[in-house]
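Enquirer: Could you look at this predicted model? Sequence included:
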Amino acid sequence: MRTTKWERAVPVYGVPVLTRAFYVLASIFGVALILTVWREYFGLANPVSGMTDGFAWGIWKTFNVMVLTGLGSGGFAVGIGAWIFNNHKLHTVMRTALLTSFMAYGTGLVMLGIDVGRPWNFYWVALPWAWNGHSPLLEVAVCVSLYTCVPLLLENVPPVLEYFIYKVPNYRPTVEKIEAVFTKVYPFIIALAYLLPMMHQSSLGALMLLAGPRLSGLWQSPFLPLLYVWAAAWLGYSCVVLALVLPALAWKRPLDLDVLGLLNKIAVNLVLAWTAFRFLVILVRGDIGLAFQFTSDAFLFWLETATILGAALVLRSESGKKVSKMFYAHCVLATGGMIYRFSPTTLAFHPRGGALYFPAAMELITCMGFISLGIMGYLFAVKKLAILPASIEDWKKMEAYEAKAPKDPFARYLSGKQYATAD
């Protein structure tokens with residue numbers, strides 16, 4: 001594995017967008033679209049969904065709202081380290097963090113519209129006088145929608161502007177005017193990008209307080225809002241590391257082990273502190289005995305703890321020096337985080353009447369389809385835009401390759417002529 005010092009973002013050049021894997025993802029998404037039409041026409045009854053009155057959320061809303069927003073918290077979590085704590089090393093991975101966040105939140109928002117039904121009525125979110133002030137999900141709906149459509153969207157605009165500057169030079173005057181506006185409003189965008197995730201992540205935790213005794217004491221506590229924000233932070237870091245390591249494995253991109261080591265260190269410290277605080281809350285509330293009973297809740301609790309804490313300890317011992325172990329450890333860590341997000345709403349939730357839930361095949365395929373859409377968006381973006389970090393030498397190699405390669409048909413269509421390469 002080639003190592004380097006990350007200095008600037010460089011597109012994945014020399015690799016086609018339309019590959020066999022891309023077509024497979026597009027096929028899965030196509031099937032999901034067909035099932036989406038079915039769901040909108042026939043509603044949520046079987047065979048569309050396995051949801052019941054006891055489990056009114058099911059895999060869709062849990063995955064859309066709880067899991068994807070957790071995995072997509074990289075822009076929020078890494079951004080705090082980069083901007084508030086002024087860690088310059090983290091600035092090199094901000095574009096990757098922001099892209100993963102936008103794809104996760106955007107995918108989740110689209111899936112939420114499908115899950116709730118009648119997505120053509122989504123415009124009501126923009127009409128405050130029509131809001132249901134009694135709904136505990138109101139703040140989550142508003143914050144997630146606003147966060148995705150304003151801060152996250154705008155934070156991902158700079159790579160697009162760069163594309164037009166370098167690939168379509170006659171658009172440069174227009175782009176420079178847009179950049180001038182961005183310079184003035186960007187501090188407010190950043191502030192909003194910190195406020196909104198903190199609000200809706202804590203609200204997701206507060207939402208599960210309404211479950212009361214239907215949620216085991218191994219999860220239920222007044223500190224759920226804090227635990228949810230905290231878990232979103234290390235889940236976001238884990239997702240960003242995976243988004244950086246996977247391209248290195250797939251396209252032989254260079255890795256900066258110093259930056260990866262820093263990301264691992266922050267993620268590990270967050271996990272260890274989070275785990276210690278979670279155990280402290282359980283001990284103080286007198287619920288630790290529940291962890292040693294022969295129940296499904298106890299098994300699930302120790303499964304979460306083993307995956308999350310075990311992965312963190314592996315990362316701590318490796319310190320980011322062995323890429324393969326780091327990759328597998330973050331896969332396990334992200335899996336443990338997803339299980340934790342599923343537990344309060346589905347896996348460890350006990351509704352009255354002993355209701356049972358298992359996702360229908362159409363639910364699973366639809367989720368897979370829209371996950372495929374997010375992955376397709378990521379693949380397209382990193383191959384066309386300067387997202388992934390690399391060295392100055394890699395930028396120069398890309399520039400030399402672009403000078404000899406066939407011109408980008410997308411850029412030629414926009415400009416009406418061949419584009420020039422960067423100076």
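Expert: Nice, thanks for sending it over.
Enquirer: quick one: the strands in this protein?
Expert: Under the criterion DSSP state E, the chain contains strands at 8-9, 389-390.
Enquirer: quick one: the nearest residue to residue 344 once chain neighbours are set aside from residue 346, how far?
Expert: Distances taken as CB to CB, 6 or more residues apart in numbering put residue 208 closest to residue 344, at 4.4 Å, once the chain neighbours are dropped. C-beta: built from backbone N, CA, C; applies to glycine. According to CB to CB, to the nearest Å, residue 208 and residue 346 sit 11 Å apart.
Enquirer: So for those two, which sits in the more crowded spot?
Expert: residue 208 (23 against 18; other CB atoms under 10 Å).
Enquirer: and that one, how far is that from residue 223?
Expert: 11 Å.
Enquirer: next one: residue 163
Expert: Going from residue 163 to residue 223 by CB to CB gives 44 Å.
Enquirer: The two - which one has more neighbours?
Expert: Comparing residue 163 with residue 223 by other CB under 10 Å, the one with more neighbours is residue 163, at 20 against 17.
Enquirer: Surely the more buried one touches residue 383?
Expert: No - using CB atoms under 8 Å, residue 163 makes no contact with residue 383, being 11.5 Å away.
Enquirer: ok, longest helix in the protein?
Expert: In the chain, with assignment by DSSP state H, the single longest helix is helix 172-208.
Enquirer: quick check: mean pLDDT across that helix?
Expert: Across helix 172-208, pLDDT averages out at 87.
Enquirer: ok, now how distant is the closest residue to residue 96 other than its chain neighbours from residue 347?
Expert: For residue 96, ignoring the flanking residues on the chain, the nearest one in space by CB to CB, 6+ apart is residue 243 at 5.4 Å. Distance, residue 243 to residue 347, using CB to CB: 26 Å.
Enquirer: So if I had to pick from the two, which one is more boxed in?
Expert: Higher neighbour count among residue 243 and residue 347: residue 243, with 21 against 18, using other CB under 10 Å.
Enquirer: Where does the prediction get shaky in this protein?
Expert: 1-2, 318-321, 354, 405-423 (pLDDT under 70).
Enquirer: Centre-most residue in it?
Expert: The residue lying closest to the centre of the chain (CA atoms, centre = their mean) is residue 72, at 1.9 Å.
Enquirer: doesn't residue 99 make contact with that residue?
Expert: No - with contact defined as CB under 8 Å, residue 72 does not count as touching residue 99 (10.1 Å).
Enquirer: quick one: common contacting residues for those two?
Expert: Common contacts of residue 72 and residue 99 (CB atoms under 8 Å, 6 or more residues apart in numbering): none found.
Enquirer: buried set for stretch 386-404?
Expert: Within stretch 386-404, the residues that qualify as buried are 386, 387, 388, 389, 390, 391, 394, 395, 398, 402, counting by 16 or more other CB atoms under 10 Å.
Enquirer: would a markdown table of these with distance to residue 191 be doable?
Expert: Below are those laid out as a markdown table (distance: CB to CB, whole Å):
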| residue | distance to residue 191 |
| --- | --- |
| 386 | 25 |
| 387 | 24 |
| 388 | 27 |
| 389 | 25 |
| 390 | 30 |
| 391 | 32 |
| 394 | 33 |
| 395 | 31 |
| 398 | 34 |
| 402 | 37 |
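Enquirer: from the residues you listed, which single one is nearest residue 29?
Expert: The nearest member of the buried residues of stretch 386-404 to residue 29, counting by CB to CB, is residue 387 at 21.1 Å.
Enquirer: The closest one contacts residue 158, correct?
Expert: No - Residue 387 is beyond contact range of residue 158, at 10.3 Å (criterion: CB under 8 Å).
Enquirer: Identify the contacts common to the two.
Expert: With contacts defined as CB under 8 Å, 6+ apart, the residues shared by residue 387 and residue 158 are residue 95.
Enquirer: Now for residue 145, how many residues are close by?
Expert: Each residue near residue 145 was counted by other CB under 10 Å, and the total is 19.
Enquirer: For the nearest residue to it once chain neighbours are set aside, give me its contacts.
Expert: Closest residue in space to residue 145, ignoring its immediate chain neighbours: residue 125 at 5.3 Å, by CB to CB, 6+ apart. Counting by CB under 8 Å, 6+ apart, residue 125 touches 141, 142, 145.
Enquirer: mind checking how far the closest residue in space to residue 376 that isn't next to it in sequence is from residue 107?
Expert: The shortest distance from residue 376 to any non-neighbouring residue, by CB to CB, 6+ apart, is to residue 25 (5.1 Å). Between residue 25 and residue 107 the computed distance is 12 Å (CB to CB).
Enquirer: Name the residues contacting each of the two.
Expert: By CB under 8 Å, 6+ apart, residue 25 and residue 107 have these common neighbours: residue 373.
Enquirer: Looking at the two, which has the bigger crowd around it?
Expert: More crowded of residue 25 and residue 107, by other CB under 10 Å: residue 107, with 23 against 20.
Enquirer: Help me confirm that the more buried one comes into contact with residue 374.
Expert: Yes - Residue 107 lies in contact with residue 374 (CB under 8 Å); the separation is 3.9 Å.
Enquirer: now the helices: where do they sit in the stretch 101-250 of the chain?
Expert: 138-147, 153-155, 157-167, 172-208, 224-251 (DSSP state H, counting those that start in this stretch).
Enquirer: circling back to that earlier point, possible to save the contacts of residue 125 as TSV with distance to residue 19?
Expert: Putting these into TSV (distance: CB to CB, whole Å) gives the following:
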residue	distance to residue 19
141	36
142	38
145	33
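Enquirer: Among those, find me the one that's closest to residue 48.
Expert: The closest of the contacts of residue 125, once distances to residue 48 are taken by CB to CB, is residue 141, at 22.2 Å.
Enquirer: Just give the number of residues close to that closest one.
Expert: Around residue 141 there are 21 residues (other CB under 10 Å).
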